[in-house]
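Novice: I'd like to go over a predicted model; first the sequence, then the structure.
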Amino acid sequence: MGATGLALRRLAASLLVLLLVSAVVYWGTAVLPGDALTAVLPMDVLQTISPEELARKRAELGIDRPHLVQFAEFLGRIAQLDFGRTTVTREAVLERIDHPLRNSLILAGLTAIAAPLAAIALAVASVLRPRGRLDATLTGGTLFAYSLPEFVTGNLLIILFAVLLPVAPAVIMLPTTAPSLDILGVIALPIATLILGGIAYQYRLLRAALIEALDSDYCERARLSGASEWRVVVRHALPAALVPMLSATAQFVSSLISGGIVIEFIFGFPGIGQELVQAISTRDIPSVQAIALFGASAVVLCNFAADLMILALDPRVRRRSHA
Amino acid sequence: MTLLRVEGLVVAYRDPAGGERRAVDGVSFTLARGGALGIVGESGCGKSTLARALLAHGRPGSRFTAGQVLLDGTDILAATPAERTRLRGRRVALVPQNPLQALTPHLTIGAQLQEVLARHRGLRGTALRTAMLDLLAAMQIADPATLAARYPHEASGGQRQRVVIAAAVAGEPDLLVLDEPTTALDKSTEAQVLALVQAQQARTGCALVYVSHDLRTIAATCQEILVMHGGRVVERGTADEVLTSPREPYTRNLVGALPQLAPRPARQAPPLPLLEAQGLGFAYTRPRALPFLPRRPGPAALDAIGFTLAPGRTLGVVGESGSGKSTLGGLVCGLLAGHAGALRFDNAALGGAARHRPLALRRRVQMIFQDPAASLNPRHRVLDLVARAFTAYHALPAATARTRAEALLAGIGIGAELLRRMPGELSGGQQQRVAIARAFAAEPELVVCDEITSALDVTIQAQVLDVMRNMQRDRGVAYLFISHDLAVVSEMADDILVLHHGRIRALGPAAEVLGAPADAYTRALVAAFSSRRAAAPTPVPIPA
């Protein structure tokens, strides 16, 4: 089986996971007491309606049919990104979460690119002079940054760059409906906070993997065939050493999409986390469902992307998985 | 004309206690342009450290504390890092120890050779690719373009070793340092690789420094030999002198320990077989195509094997990696389950995973593995490891079990001073003896030995084989003795089974299989060992 076959297999597995997640989301709300009708109608109105009337209404809405049929319909709707209407304001769920979702995706996307790149740059610089001054500083410094909670790093950055040295806004004053690219101008500090928190783990995984790879027979052979240390590190050691880091990166990035709540509150960032908190507090089940599904898709997608990259980087994985 | 002159070289490693340990301790020698020098010694004698010093490379934690390495009269140890980098691959190149690990796994073979060619010959584009394919062709690779597109793990061990040699000679160095270049290879491949190195030397006139623990390989390649022990040169002379009239006791011991390709004397076999296979087959399963789909069987690892093994006898199983010999051992021990055909032990069906076998049966069939460091629990003391086997299989009280374990260990040379140690604090040979003791604590009737000496030096190997022979003589246990080394098998086996791609190529009494192999593959295998035996000190005629 070639790399394509394996990629297709991973894709099939990812889709299966998504299907299971949708089932959990569907039945998770289906087992709650009451149904869409009782949820929508206020209690006092509900009491004035006869059971026959309710049954007729249920048949009209189609919610008296078997769960499997309804689940199939539910899948059909979410395939078209139709998550229904919010229970409170009756607007389309997708419309309500559209902008926060875009903002979160921009924040997560930029961090997803910047954090691993920064980790790679720092780790390569570290191992070019192992146990040198730079290596020691970075290893200590990243551990320090890693051990600080995000609300501390975030506020420190606000004090440094918004108060003492006013180059960035402390709090983002953008309406959730502002054109999505406006967010780019004010996003530097949230991204920096996320990177500081996320980079240490990725840097440490990569540095350890690089040191192990540089100690390998193949790197020694490359070195003794006259390759420069830079070339040995970047061409011979780095690609395979990225593999353990990429899984951590995928986890880090998917956590940004589904749960950057702390960051959003510190910076007043109009993202999906705030929306989720609000939806939960108002029992807005369609919104919660939609956000949960997006979050799960993000996790699955990130892991799938990391799998693809690992397949591309390490040809042995292709072999190992059918050995 | 002198190409290389090493003068009083000392390479020291920092040891954890803060002191220094001299891996190379005052070594001096000279090598003429185009000459070939062999350096022989057992693991830990400093030969690999010396080999790297010839490229001005010290392993992490080591320092050149004294001496010089003069290449064409210039001390390369005094060169700047940039000068050293320029020298490597261009004037001195290394063929490293383990060809299976020496190629970068995520780069194609072609890309890795082109990297070296581009650096040392300044080639680009089509010229670079042509030179790379020519280089592979010069290494007698049948289809260079196909191999160039492969990743290292997709190539065989022999192919990988040729690629590593190709990468070393790409810069046409004046000096080629070979560090155990064939240790990881099958013997038939080894002969081809050695021929290749000699052809390269004849073509380019480069000098060779050949480092190995294998005295025979060295004698076949080099005119002059240095014997190293404990970082020092203990003996030097021509290949003939060292092999036929070694002066130093250490060298005599080394030469005497070489296994001979000579079958053990024939013994009368008891009538009833202990282990019997008929039409035995096994296939590993492929991974599932999709989650939850059933697994499908892969190609046959063993294909309709039949043999018998009588109590107290040894059946040697020989084959290259991938021949199915370890699969056979795994089936007998119950590490693998689900075979086709019949496998019988003491007239009852044997099969299924070891964990489903009754304790009594597990006791009767024991296994010793290649790597004792991996098969012994690193957190238990030697005595406990063996005493536990007594408790588990014979339900002995703890004190009795310990006494029995002590006696057993003492009998195979593990003295009282070693009993409280952890496996990690023992040498490889000592670890393997502990593994042997643990297997024999069960008082088995059949012991499966899977490459039990291939990680050991020749003198230690000779000791371990001695222990195994004594145990068999005293206890009448049968061995299924698996190895890639025909010479070792011939010393141990009454009967020999030659496996190739899961099929039997030869089966019969050792003298027959070694003396007059009807099968072409077996003939080639015997020839590969015999050709090297020509250099051995006391040639033993193969019975016709």
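Specialist: Great, that's in hand. Numbering: from 1, shown residues only, chains lettered A, B, ... in the order given.

Novice: what residue in the stretch 101-250 of chain A comes nearest to chain B?
Specialist: residue A:226 (3.5 Å; Cβ to the nearest Cβ). C-beta: built from backbone N, CA, C; applies to glycine.

Novice: how many neighbouring residues does that residue have?
Specialist: Look at residue A:226: counted by other Cβ atoms under 10 Å in any protein chain shown, it has 25 neighbours.

Novice: part of a strand, is it?
Specialist: No. Counting by DSSP: H, G, I helix; E, B strand; the rest coil, residue A:226 is not found in a strand; it is coil.

Novice: distance of it from residue A:218?
Specialist: The gap separating residue A:226 from residue A:218 is 15 Å, by Cβ to Cβ, to the nearest Å.

Novice: next: residue A:55.
Specialist: For residue A:55, the distance to residue A:218 - Cβ to Cβ - is 72 Å.

Novice: so which residues on the stretch 151-300 of chain A come close to chain B?
Specialist: Listed as neighbours of chain B in the stretch 151-300 of chain A under the rule Cβ under 8 Å from any Cβ of the partner chain: A:215-228, A:235-236, A:239-240.

Novice: what do you get if the cut-off is 7 Å, keeping everything else the same?
Specialist: Within the stretch 151-300 of chain A, the positions lying close to chain B (Cβ under 7 Å from any Cβ of the partner chain) are A:216-218, A:220-222, A:224-226, A:228, A:236, A:239-240.

Novice: secondary structure element for the spatially closest residue to residue B:128 that is not a sequence neighbour?
Specialist: Once flanking residues are discounted, residue B:128 sits nearest to residue B:114: 5.4 Å by Cβ to Cβ, 6 or more residues apart in numbering or on different chains. Following DSSP states H and E, one finds residue B:114 within helix B:109-121.

Novice: buried residues, the biggest helix by length in chain A. List them.
Specialist: Secondary structure of chain A per DSSP state H: the longest helix is helix A:93-128. Buried residues in helix A:93-128, counted by 16 or more other Cβ atoms under 10 Å in any protein chain shown: A:93-94, A:96-97, A:99-108, A:110-112, A:114-116, A:118-120, A:122-124, A:126-128.

Novice: ditto for stretch A:68-77
Specialist: Quick answer for stretch A:68-77 (16+ other Cβ under 10 Å): residue A:74.

Novice: same deal with stretch A:4-22?
Specialist: Those would be A:6, A:7, A:9, A:10, A:13, A:14, A:17, A:18, A:21, A:22, for stretch A:4-22 by 16+ other Cβ under 10 Å.

Novice: get me the contact residues on the stretch 1-150 of chain A for chain B.
Specialist: Contact residues, the stretch 1-150 of chain A versus chain B (Cβ under 7 Å from any Cβ): A:9, A:12, A:13, A:16.

Novice: could you look up the SS state of the first one?
Specialist: Under the three-state scheme (three-state DSSP), the conformation of residue A:9 reads as helix.

Novice: kindly export stretch B:80-93 (C-alpha atoms) in CSV.
Specialist: The C-alpha trace of stretch B:80-93 is given here as CSV (Å, rounded to 0.1, in the frame of the first residue of the first chain):
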residue,chain,number,x,y,z
THR,B,80,40.3,23.7,12.5
PRO,B,81,36.8,22.4,12.4
ALA,B,82,36.3,23.7,8.9
GLU,B,83,39.4,22.0,7.7
ARG,B,84,38.3,18.8,9.3
THR,B,85,34.9,19.0,7.5
ARG,B,86,36.7,19.5,4.2
LEU,B,87,38.9,16.6,4.8
ARG,B,88,36.2,14.1,5.5
GLY,B,89,34.8,12.2,2.6
ARG,B,90,37.4,13.9,0.3
ARG,B,91,40.7,12.5,1.7
VAL,B,92,39.6,10.1,4.4
ALA,B,93,36.2,8.4,4.3
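
Novice: hang on, residue B:90 in a strand?
Specialist: No. Assessed with three-state DSSP, residue B:90 is coil; it does not lie in a strand.

Novice: just give me the neighbour total for the nearest residue to it once chain neighbours are set aside.
Specialist: The shortest distance from residue B:90 to any non-neighbouring residue, by Cβ to Cβ, 6+ apart, is to residue B:171 (4.6 Å). Residue B:171 has 20 neighbours, counted by other Cβ under 10 Å.
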